[in-house]
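>>> have a look at this prediction, sequence included:
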Amino acid sequence: MIADDTRASAEGLREAFASEKDFSFVGAAADGAEALRLIEETRPDSSWLDSDMPRLGGIDVLRTCARRCRTSAW
C-alpha cells in the first residue's frame, strides 16, 4: 500500500516495486485518512506513507494503527 499526496511519487514507487515477484500492490491513497481506511480494509504487510499528507500525516496514521492494535479496535 502506498500513501502519498504527490501522484508522481506514488506512481514511481508502484512502478519500482512492480517487477518484484514478492510484492503485490493492494492500493494507493492520496491522504492520510484514505490511507488509514485502506490499511484497515486490506491489512497490508507493509505500507509506504508520506509523512506530510492532507488530513493525516504518515506519522499520525502509524500512531492511529498502533493505538488500535493495542486496544484491539481493529
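Cool, the structure landed. Numbers count the residues shown, from 1 in each chain.
>>> every contact and neighbour count from this point should use C-alpha atoms.
Fine.
>>> so, low pLDDT: which residues of this structure?
Along the chain, the parts satisfying pLDDT under 70 run over 72-74.
>>> all strands for it, in order.
Assigned by DSSP state E, the chain shows strands spanning 2-3, 28-29, 48-49.
>>> now, of the ones you listed, which is deepest in the fold?
Highest mean neighbour count of the strands of the chain: strand 2-3, a mean of 26 (counted as mean count of other C-alpha atoms under 10 Å).
>>> tell me which strands and helices it is in contact with?
helix 7-18, strand 28-29, helix 32-42, strand 48-49 (3 or more C-alpha pairs under 8 Å, 6 or more residues apart in numbering; DSSP states H and E).
>>> partners of it in the sheet?
With DSSP bridges as the test, strand 2-3 is paired with strand 28-29 (parallel), strand 48-49 (parallel).
>>> who wins for proximity to Ile39 among these?
Minimum separation from Ile39 across the strands paired with strand 2-3 (C-alpha to C-alpha) falls at strand 28-29, 9.7 Å.
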